[in-house]
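Peer 1: This is the structure alone, sequence omitted:
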């Protein structure tokens, strides 16, 4: 019974996600669905990405949070369009909530729309939002076992950021073990090793992202 | 419609949680429901707690994970009864899964049952498992904004562990801001500042835990 309910929810989500994807393709706007644990560094990565791409790439942001607009407050200094979705206890965004707010952006003036999902490695990975790709962000402080323990997200990710590399000397994170587990789940996924607070590794991420925006067909 | 389904799920969960709670009270076994983000240090905290309490307090552990038995593998060296619940994609434990496995323990030989919930700050906080109290674990690497952004868990917690204090010098975590937000949500909750890997702050936690086990009535 509950499995049937879940299937209905996912089917309805997929239909709406396809609508969002078609609209964005028509408008030539890319969408990135950013997923991580709470506090892995999604917002700080967005801050650095806005600083690096500002002026060259036209960015919009959808901020998903259980409650508060604290992440949006951190991002408003970049003078880019931001819409906050508070899920009021909900553990993930879905395509219906994206569809409701997407009309608040002038899509003709955007190149890329970042969606910062609710901080959660599990539920957001099941709900297609209409994105071009999911970006999984994981922090070195979380331990190297995350791909093995949360395989759904890492198998679906179009790119992975290993963030907080500046903390590597102070943790027992084993980069080789992390890469081995990740490769077993998603062998060709691009992996970027970044310290969003210190700036290490950002140029490779930015260059790859610009390439995705400019060279591949939308949708 | 979906709200009604959720209400039914939660009502059924509550009934079963009350059954579990009554059984544990009768057997004089305390249950702690440990909730945190992925990688905040629940398993390492359990390792240190088993080492400190072993021989004095009789411990059982239920390990909840989406997949794998990696956490249980880390704990089996303590020669205590451990049962693994794999949720197969599910984002939290519920009282029905606890009820199904609790018969696998000899409750007459236990003082305390730790339940390591699935790594997730959101969904586990809604489902009563029949515990005596919820323990919220948050790592300094996650940032000081977690109580404000995930208020449900922190308002329900019977104790909070701020873990990875050894990383404080390398992060922008503001302890005063964290305590201010936590106090606004849950003014009297005991807070333990711990480095589970280094051992800092553990004696206060262990002493408080022993006091909970020995002095307060079960249930």
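Peer 2: Yep, that arrived. What you see is a predicted model; the values in this text were computed from it and never measured.
Peer 1: Checking the residue most central in space within chain A next. Helix, strand or coil?
Peer 2: Nearest to the mean C-alpha position of chain A, by Cα atoms, centre = their mean, lies residue A:34 at 0.9 Å. Counting by DSSP: H, G, I helix; E, B strand; the rest coil, the backbone at residue A:34 sits in strand.
Peer 1: Quick one: residues contacting it.
Peer 2: For residue A:34, the contact set (Cβ atoms under 8 Å, 6 or more residues apart in numbering or on different chains) comprises A:42, A:45-46, A:114-117, A:134-135, A:137. Where you see a C-beta, it was placed from the backbone N, CA and C, and this is true even at glycine.
Peer 1: and whichever helix in chain A runs longest, what other elements does it pack with?
Peer 2: Longest helix in chain A by number of residues (criterion: DSSP state H): helix A:2-26. If you count contacts as 3 or more Cβ pairs under 8 Å, 6 or more residues apart in numbering or on different chains; DSSP states H and E, helix A:2-26 packs onto strand A:30-36, helix A:95-102, helix B:2-26.
Peer 1: Select, out of these, the one closest to residue A:195.
Peer 2: Of all the helices and strands packed on helix A:2-26, strand A:30-36 sits nearest to residue A:195, with 15.0 Å by Cβ to Cβ.
Peer 1: ok, that closest one: who's next to it in the sheet?
Peer 2: If you go by DSSP bridges, strand A:30-36 pairs up with strand A:112-116 (parallel), strand A:133-139 (parallel).
Peer 1: JSON lines please, covering those and showing distance to residue B:105, mean pLDDT and mean neighbour count.
Peer 2: JSON lines is the format used below for these (distance: least, Cβ to Cβ, whole Å; pLDDT from 0 to 100; neighbours: other Cβ atoms under 10 Å in any protein chain shown):
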{"stretch": "strand A:112-116", "distance to residue B:105": "41", "mean pLDDT": "98", "mean neighbour count": "26"}
{"stretch": "strand A:133-139", "distance to residue B:105": "34", "mean pLDDT": "98", "mean neighbour count": "25"}
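Peer 1: now these in CSV, with distance to residue A:183?
Peer 2: CSV is the format used below for the strands paired with strand A:30-36 (distance: least, Cβ to Cβ, whole Å):
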stretch, distance to residue A:183
strand A:112-116, 26
strand A:133-139, 14
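Peer 1: Pull the distance from the longest helix of chain A to the chain's centre.
Peer 2: 18 Å (Cα atoms, centre = their mean, to the nearest Å).
Peer 1: Check which residues of that helix are buried.
Peer 2: Neighbour-count burial for helix A:2-26 flags A:9, A:13, A:16-17, A:19-21, A:23-25 (criterion: 16 or more other Cβ atoms under 10 Å in any protein chain shown).
Peer 1: And residue A:27, how far from residue A:21?
Peer 2: Distance of residue A:27 to residue A:21, given as Cβ to Cβ, to the nearest Å: 11 Å.
Peer 1: And residue A:48, by the same measure?
Peer 2: Going from residue A:48 to residue A:21 by Cβ to Cβ gives 27 Å.
Peer 1: which outside residues touch the longest helix of chain A?
Peer 2: Helix A:2-26 is contacted by residues A:30-31, A:94-96, A:98-99, A:102, A:107, A:113, A:126-132, A:217-219, B:2, B:5, B:9 when judged by Cβ under 8 Å, 6+ apart.
Peer 1: Make a ChimeraX selection of the buried ones in the residues you listed.
Peer 2: Only the buried entries of the contacts of helix A:2-26 go into this ChimeraX selection, using 16+ other Cβ under 10 Å:
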select /A:30,31,94,95,96,98,99,102,113,126,127,128,129,130,131,132,219 /B:9
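Peer 1: right, is stretch A:149-156 up against chain B?
Peer 2: Yes - with Cβ under 8 Å from any Cβ of the partner chain as the criterion, chain B is reached by stretch A:149-156 at A:149-152.
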